[in-house]
Every structure is written in C-alpha cells, then in structure tokens.
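J.: Give me the fold of what follows.
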Amino acid sequence: MPNVIHRGSCHCGRVRFEVDAPARIEALDCNCSICRMTGFLHLIVPASRFRLLAGAEVLSEYVFNTGIAKHRFCRVCGIKAFYIPRSHPDGVDVNVRCLDRSTIEAVEITPFDDDQREAATAAIAHLSHDPAN
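T.: Numbers count the residues shown, from 1 in each chain. From the prediction side, this is the model:
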C-alpha cells in the first residue's frame, strides 16, 4: 500500500508536522509507564518520512532511565505528538492520536509488551528503516 501524507499537531496547534505512512495504520500500544500514562499510540517511521513544519521553538524534552528516548512535548499545551524512541533512535515515533483523521482509513492496534522489551523490540526492528535507502 502506498504512503499518504498525514498531518498532525499538538493540542494548541503550535507544533505541526507531516509524516508519510500508509492510510491503513499499524499502531503499537505500549504498556510501559510513560506510554500508559500519556495514552500514546505509536506509529514508528524512518526519520526521512517525518517533517516538523512548525513549533521547534516550543518543544521541551524529557529523558529518563537510559536517556536514549527523547520525549518531546509542546510546552504550551503539554501534548507529546512525537518523540525519538529508545527502541528506534534512528526513527521518529508519532502519536496516532495527534494525526488529522481525514487521511486515516483504519488503525490496527498491536500490543507492545514492555515487560518483554527485547523480544518486542526485535519484532518491530524494521519500522525505522526506509526500504528505499
């Protein structure tokens, strides 16, 4: 299935972005503490398929534990629309809940078990790699 351009933003609209992904999205629902508490629904893409259009100046960054994941959120409204994930530091993880619904045909949600992080990460290792490169 070819990719479409999905547009997304934080709640206040200051942070805006585009991501190239299928119209039928395969999302991950992680049960780790931060994802569970924020309700983040994951769409991991290669960095080359993500474009920040506006709002770099209002992004704040939060890191914890290993310091590899770069949790970025709008410091005006507090929404984390995307971040750099620990499992795929060469990609971008977009919150499906922050995408404009007009370009989404369907969302299939697969659980990601953080208690089995190594196996779960290995199963999705391909997501941040661009097959065109």
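
J.: what's the pLDDT at Tyr62?
T.: For Tyr62, the model assigns a pLDDT of 89.

J.: Kindly report the same for Arg86.
T.: 82.

J.: Tell me how many other residues surround it.
T.: 18 (other C-beta atoms under 10 Å). The C-beta positions use only the backbone N, C-alpha and C, and glycine is treated the same way.

J.: any weak-confidence spans in this protein?
T.: Along the chain, the parts satisfying pLDDT under 70 run over 1, 113-117, 119-133.

J.: Okay, helices next: where are they in it?
T.: For the chain, applying DSSP state H gives helices covering 33-38, 117-123.

J.: can you list the residues that contact the first one?
T.: Which is helix 33-38. 29-30, 40, 42, 64, 71, 80, 114 (C-beta atoms under 8 Å, 6 or more residues apart in numbering).

J.: From these, which land in strands?
T.: 29-30, 42, 71 (DSSP state E).

J.: top of these by neighbour count?
T.: His42 (25 neighbours).

J.: Please report the distance of Phe50 from Val92.
T.: 4 Å (C-beta to C-beta, to the nearest Å).

J.: More neighbours: these two, which one.
T.: Under the criterion of other C-beta under 10 Å, the comparison of Phe50 against Val92 puts Val92 first, with 24 against 19.

J.: and the closest residue to Pro2 other than its chain neighbours, how many neighbours does it have?
T.: Closest residue to Pro2 apart from its sequence neighbours, by C-beta to C-beta, 6 or more residues apart in numbering: Pro22 at 7.5 Å. Using other C-beta under 10 Å, Pro22 has 15 neighbouring residues.

J.: Show me what Pro22 is bridged to.
T.: Taking DSSP bridges as the rule, Pro22 bridges to Asn3.

J.: hang on, it packs against Val4?
T.: Yes: the criterion here is C-beta atoms under 8 Å, and Pro22 meets it with Val4 at 7.1 Å.

J.: Nearest spatial neighbour of Ala106, chain-adjacent residues omitted?
T.: Closest to Ala106 by C-beta to C-beta, 6+ apart is Arg24, at 4.7 Å.

J.: Is that neighbour in contact with Val96, as I believe?
T.: No: look at Arg24 against Val96 with C-beta under 8 Å: they stay out of range, at 11.8 Å.
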